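[1] Sequence plus predicted model, see below.
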Amino acid sequence: MTTKTDRIINTDKWTEIILKAVGNKVAHRWKFVSFRGPKKRESAGIVDLLAIRRDTTQKPNDLFQFIIIQAKGGTAAKPELARKDFKRLKKVKDYYKALKIVYFRWNKEKRICEFRVLDDKGNAQTESSKDIFG
């Protein structure tokens with residue numbers, strides 16, 4: 001018998017798998033790095049995944065570009081940020097000079113799979129994975 005905690009952990013893992021699969025269809029130069037906590041569970045940090053690629057606009061190609069990703073799966077709340085969460089993500093974005101902050105939402109039952117990009121004021125705009133990682 002699976003517990004509610006087991007279902008949440010399983011959904012969290014599948015959300016990450018789906019995000020990577022959808023992203024990898026168009027993100028040929030991007031690599032996805034997960035920040036799982038103990039026992040492969042969600043970590044306490046605000047950033048769930050990081051997309052990273054070489055910055056080919058700089059010669060030699062020793063620098064990197066980043067996209068910060070927060071993922072929500074299953075019955076988790078819609079990807080709307082509380083002000084304090086946005087401030088934390090914005091601080092990380094500014095510190096590392098990341099290109100974007102992306103929210104990813106996946107819900108198997110409702111057939112939802114969406115990417116949303118946050119602007120510098122915390123407003124979310126739905127974008128395709130191709131627009132983000134292409």
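    Structure received. Residues are numbered from 1 along each chain as shown.

[2] I'd guessed Gly86 sits against Gly122; true?
    That one is not Gly; residue 86 is Phe. Yes: A contact is recorded between Phe86 and Gly122 when judged using Cβ atoms under 8 Å, the distance being 4.1 Å. (Each C-beta comes from the backbone N, C-alpha and C, glycine too.)

[3] Who has more neighbours out of those two?
    Taking other Cβ atoms under 10 Å, Phe86 and Gly122 do not tie; Phe86 has more neighbours (19 against 16).

[4] contacting residues around the more buried one?
    With contacts defined as Cβ atoms under 8 Å, 6 or more residues apart in numbering, Phe86 is in contact with Leu118, Gly122.

[5] May I have the phi/psi pair for it?
    Backbone torsions of Phe86, given as degrees, to the nearest 10, read phi -60, psi -40.

[6] Distance check, it against Ala27.
    Computed as Cβ to Cβ, to the nearest Å, the Phe86 to Ala27 distance reads 24 Å.

[7] swap in Leu50?
    12 Å.

[8] What helices and strands are in contact with the helix ranked longest in the chain?
    Taking DSSP state H as the criterion, the chain has its longest helix at helix 4-26. Counting contacts by 3 or more Cβ pairs under 8 Å, 6 or more residues apart in numbering; DSSP states H and E, helix 4-26 packs against strand 31-34, strand 49-54, strand 64-73, strand 100-107, helix 129-133.

[9] With just CA atoms, put the lowest-mean-pLDDT helix or strand in the chain into PDB.
    Least confident element among the helices and strands of the chain, by mean pLDDT, DSSP states H and E: helix 4-26 (a mean of 85). Listed in PDB are the C-alpha atoms of helix 4-26, where the atom choice follows Å, rounded to 0.1, in the frame of the first residue of the first chain:
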ATOM      1  CA  LYS A   4       0.500   9.900   0.500                       C
ATOM      2  CA  THR A   5       4.200  10.600   1.100                       C
ATOM      3  CA  ASP A   6       5.100   7.900  -1.400                       C
ATOM      4  CA  ARG A   7       2.800   9.300  -4.000                       C
ATOM      5  CA  ILE A   8       4.200  12.800  -3.500                       C
ATOM      6  CA  ILE A   9       7.800  11.600  -3.900                       C
ATOM      7  CA  ASN A  10       6.800   9.600  -7.000                       C
ATOM      8  CA  THR A  11       5.000  12.600  -8.600                       C
ATOM      9  CA  ASP A  12       8.000  14.800  -7.800                       C
ATOM     10  CA  LYS A  13      10.400  12.400  -9.500                       C
ATOM     11  CA  TRP A  14       8.100  12.000 -12.500                       C
ATOM     12  CA  THR A  15       7.700  15.800 -12.800                       C
ATOM     13  CA  GLU A  16      11.500  16.100 -13.100                       C
ATOM     14  CA  ILE A  17      11.600  13.200 -15.600                       C
ATOM     15  CA  ILE A  18       8.900  14.800 -17.800                       C
ATOM     16  CA  LEU A  19      10.600  18.200 -17.600                       C
ATOM     17  CA  LYS A  20      13.900  16.800 -18.800                       C
ATOM     18  CA  ALA A  21      12.300  14.800 -21.500                       C
ATOM     19  CA  VAL A  22      10.300  17.700 -22.900                       C
ATOM     20  CA  GLY A  23      13.300  20.000 -22.500                       C
ATOM     21  CA  ASN A  24      15.700  17.600 -24.200                       C
ATOM     22  CA  LYS A  25      13.600  17.400 -27.300                       C
ATOM     23  CA  VAL A  26      14.600  21.000 -28.100                       C
END
